[in-house]
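A.B. asks: This is a predicted model, with the sequence first.
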Amino acid sequence: AYNVCQERDLVPEMVFLLGKMGNNKKALMLIIERLGDVQRAIEFAKEQSDDDLWEDLLKYSETRPSKEPVVFCYLLVNASICQAFIRGLLENVGVEISPIRLIRRIKNG
């Protein structure tokens, strides 16, 4: 079933099947890289209750090229421009991950 979805480029279906097969990391990367959906990536990580997925999500947020610069809040004086991906994490992650853990990963400049 996965191969058929892959041949037809049915990404949401591939994510579903990978999750059912236990390949959560690959499913998460498809959500991030192919769908570009921060909210869905967060929901997927919440459903899996896997700290390694959260770490993968955070690592990816550090290296993901920003599609558009985002001006952050006044608390982040040294990081006034931040990636949209990190912004999405901060706005949507809830109690699953500490905002401080996210903020510490934001590079100055």
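C.D. replies: Okay, I see it.
A.B. asks: which residues in this protein form strands?
C.D. replies: Secondary structure of the chain (DSSP state E): strands located at 70-71, 81-82.
A.B. asks: got the buried residues for the longest helix seen in the chain?
C.D. replies: Assignment by DSSP state H gives helix 51-63 as the longest helix of the chain. Within helix 51-63, the residues that count as buried by 16 or more other Cβ atoms under 10 Å are 53, 54, 56, 57, 58, 60, 61. The way it works is simple: take the backbone N, C-alpha and C, and place the C-beta from them, glycine included.
A.B. asks: Just name the closest of these to residue 41, please.
C.D. replies: Distance to residue 41, by Cβ to Cβ, is smallest for residue 57 among the buried residues of helix 51-63, at 6.0 Å.
A.B. asks: Number of residues surrounding the residue nearest to residue 47 when sequence neighbours are not counted?
C.D. replies: Leaving aside its sequence neighbours, residue 47 sits nearest to residue 19 (Cβ to Cβ, 6 or more residues apart in numbering; 8.0 Å). Around residue 19 sit 18 other residues, with neighbours defined as other Cβ atoms under 10 Å.
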